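Participant: Got a sequence here, can you model it:
(one chain, ligands or ions: 1)
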Amino acid sequence: MSDFTEESNEFTLSLKDADPETLKSILEIHWDRICSRLKIEVGEVEYRTWLQQITLGGIEEDELTLYLPTRFLRDWVRSQYNSKLNQLWNSELSQIRRVELALTIPSANSEDSPTKTEVTQENHIASPSNRANKDSTQPIQERSVPITDNKEDEGSKLPLQTQLDPRFTFDNFIVGKPNEFAYACSRRVAERPSSPGFNPLFLYGGVGLGKTHLMHAIGFELAQAGNISVSYMSAEKFMYRFIASIRSQSTIEFKEELRSVDVLMIDDLQFLIGKDNTQEEFFHTFNALIDAGRQIIVSADKSPSDLSGLEDRLRTRLGCGMVADIHATTYELRISILEAKAASAKVVISPKVLEFLAHKITTNVRELEGALNRLIAHANLFGRPITLEATQEVLHDILKSHERRVTIEEIQRKVSEHCNIRQTDMTSARRARAVARPRQIAMYLAKQLTSRSLPEIGRKFGNRDHTTVMHAISRISELIEKDSAFAEDVELLRRMLES
Ligand SMILES: Nc1ncnc2c1ncn2[C@@H]1O[C@H](COP(=O)(O)OP(=O)(O)OP(=O)(O)O)[C@@H](O)[C@H]1O
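Facilitator: You can find the predicted model right below:
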């Protein structure tokens, strides 16, 4: 960092003279700052959908390369964010005059083969999000990322700024079994902050299930109610600001500012695990606010009692108010969320596509939303209807990461459920069409989705001969050819099983 002059926000060292390691660090620092700005400018959801997957490449003369994992993403980023990326890079480093967007894994003969000399492993730098995971256990003093995300030191930037995302309101939060309790508690706090029993409000649950959304919704509701000062920040931001205030000798102002708010919201508290000094500071702030009758809202990925690594006294106090968990989404909730989001984007998407997405992307709502946004953008960009085929093509990379091995038993169960027959009929001797046809479908899918041989499949279906399996496969293939409704049904089953 010695060759970085903070005042001029420019590197005294010429980029072309820098050794690869230094060059890498310089670009990483700037990329971190650009990403922070992009997040604010385009919003968290847009950022995660389109820009998070960008990785930093090398630089040649005045041209910097950024990589994207798929052609579609690259084209989209090129069409929507090219000038923004050029402008941000140029304002960060005036020596960069052009940003080139390329595909991550260039094949030797592809039209996307990089022409730059710098496309080497050595110069291929992970995106800040990837690196953040790796670095999360590193103490702040050892980080190479600057603790400010602006030219000014954060510590001298008080008063605190609250960045609430206007899209995260109660109105567009879809309520279902897994989140109804957390939603009700959040509503209650928004209506009557600092009520006994609800202070602090501790929201917890897995990644991307709506904790931040609910916190912002509470913040908006309270801010709209009038004279209430609300401060929202991630635990990470809290730490950066705290450390920056130490550096700029403005800790007293920082503390006073924090303690003057009516409502303090700290997101992703688990980040403070292992950061003892920041935890201590947070503990004092927490006590001062609660004692003064102010409302505190905290989110984390685990309940207070499971947040091992946080000091006991802090965990105990965090659990003293209302602790509300958000469970993993159910299929029904995912469908409702997709329907609501498609409706608000004023796009008609067939129920089959929504069902497919809800079956396939089960981990978190952020991913589900990102997938839907991508589909909508694709449909708008190319004027093509959103069919199941288009969905699979456009979401290729997302779907791939959700792929898993399917067993013959799962196939039998899913097909039985779908066709309304008993699972035992998959292995029974019954030959009535109502059971024989689903059994044939299951055999066909077993051949498609598993690596089992025909005799093995036969054995799993009540010790049938391999010729019976062969007959089933050819019969189903024939029907798929002839009957498009039947083909669609089998296709839906296949995609559900792959989810
Ligand atoms: N029930 C819901 N209704 C509508 N949108 C939702 C719902 N749950 C989550 N989302 C959306 O999913 C995205 C991710 O939610 P959010 O950022 O609140 O998750 P989180 O639990 O805070 O995740 P993290 O653990 O990563 O901080 C947001 O865009 C949010 O609007």
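Participant: Please give me every residue in contact with A371.
Facilitator: Residues counted as contacts of A371 (CB atoms under 8 Å, 6 or more residues apart in numbering) are 357, 361, 395, 398. Any C-beta I mention is one placed from the backbone N, CA and C, and that applies to glycine too.
Participant: In a markdown table, list those along with pLDDT and distance to the ligand.
Facilitator: A markdown table is the format used below for these (pLDDT from 0 to 100; distance: CB to the nearest ligand atom, whole Å):
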| residue | pLDDT | distance to the ligand |
| --- | --- | --- |
| L357 | 92 | 14 |
| I361 | 87 | 12 |
| L395 | 90 | 17 |
| I398 | 82 | 15 |
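Participant: In TSV: the residues you listed, plus neighbour count, distance to L222 and secondary structure.
Facilitator: TSV is the format used below for those (neighbours: other CB atoms under 10 Å; distance: CB to CB, whole Å; DSSP: H, G, I helix; E, B strand; the rest coil):
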residue	neighbour count	distance to L222	secondary structure
L357	26	34	helix
I361	25	33	coil
L395	23	37	coil
I398	17	36	helix
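Participant: Kindly confirm whether my reading is correct that F238 touches N277.
Facilitator: No: F238 is beyond contact range of N277, at 11.8 Å (criterion: CB atoms under 8 Å).
Participant: who's more crowded, the two?
Facilitator: More neighbours surround F238 than the other of F238 and N277, with 26 against 14 (other CB atoms under 10 Å).
Participant: Nearest spatial neighbour of the more buried one, chain-adjacent residues omitted?
Facilitator: Leaving aside its sequence neighbours, F238 sits nearest to I266 (CB to CB, 6 or more residues apart in numbering; 6.0 Å).
Participant: host element of the one you found?
Facilitator: I266 belongs to strand 263-267 when elements are defined using DSSP states H and E.
Participant: could you say what helices and strands that strand packs with?
Facilitator: Contacts defined by 3 or more CB pairs under 8 Å, 6 or more residues apart in numbering; DSSP states H and E place strand 263-267 against helix 211-224, strand 230-234, helix 235-247, helix 276-291, strand 295-300.
Participant: count of residues packed around D171?
Facilitator: 6.
Participant: what does T212 give?
Facilitator: Neighbours of T212 (other CB under 10 Å): 20.
Participant: isn't it right up against F168?
Facilitator: Yes: between T212 and F168 there is a contact under CB under 8 Å: 6.9 Å.
Participant: what sits against the residue nearest to F238?
Facilitator: By CB under 8 Å, 6+ apart, the contact list for I266 reads 233-235, 238, 282, 296-299.
Participant: ditto for G176
Facilitator: Residues counted as contacts of G176 (CB under 8 Å, 6+ apart) are 329-330, 332-333, 336.
Participant: State the pLDDT value of it.
Facilitator: G176 carries a pLDDT value of 94.
Participant: and if you look at N90?
Facilitator: On the pLDDT scale, N90 gets 87.
Participant: So it lies in a strand, does it not?
Facilitator: No: inclusion of N90 in a strand is not indicated when DSSP: H, G, I helix; E, B strand; the rest coil is applied; the result is helix.
Participant: Now do the SS call for the nearest residue to it once chain neighbours are set aside.
Facilitator: Sequence neighbours aside, I96 is the residue nearest to N90 in space, at 5.8 Å (criterion: CB to CB, 6+ apart). Here I96 is recorded as coil under three-state DSSP.
Participant: For this protein, give me the ranges with low pLDDT.
Facilitator: 1-19, 21-22, 105-163, 402-405, 499 (pLDDT under 70).
Participant: Spell out which residues of the stretch 301-450 of the chain are next to the ligand.
Facilitator: Near the ligand, the residues belonging to the stretch 301-450 of the chain are 301, 337, 365-366, 369 when assessed by CB under 6 Å from any ligand atom.
Participant: Then the stretch 101-250 of the chain?
Facilitator: Counting by CB under 6 Å from any ligand atom, the stretch 101-250 of the chain comes close to the ligand at 168, 172-174, 179, 205, 207-213.
Participant: from those, which is closest to S344?
Facilitator: Of all these, S344 sits closest to N172, with 6.8 Å by CB to CB.
Participant: re earlier: tell me the two of the residues of the stretch 301-450 of the chain next to the ligand that are most distant?
Facilitator: The distance between the two most remote of those (CB to CB) is 20.2 Å, for D301 and I337.
Participant: Pick out whichever of these two has more residues nearby.
Facilitator: When D301 and I337 are compared for neighbours, I337 comes out ahead with 23 against 16, by other CB under 10 Å.
Participant: so which strand or helix has the more buried one?
Facilitator: helix 331-344.
Participant: Now do that helix: everything it contacts.
Facilitator: By CB under 8 Å, 6+ apart, the residues outside helix 331-344 that reach it are 172, 174, 176-179, 329, 348-349, 354-355, 357-359, 361-362, 365, 368-369, 372, 376.
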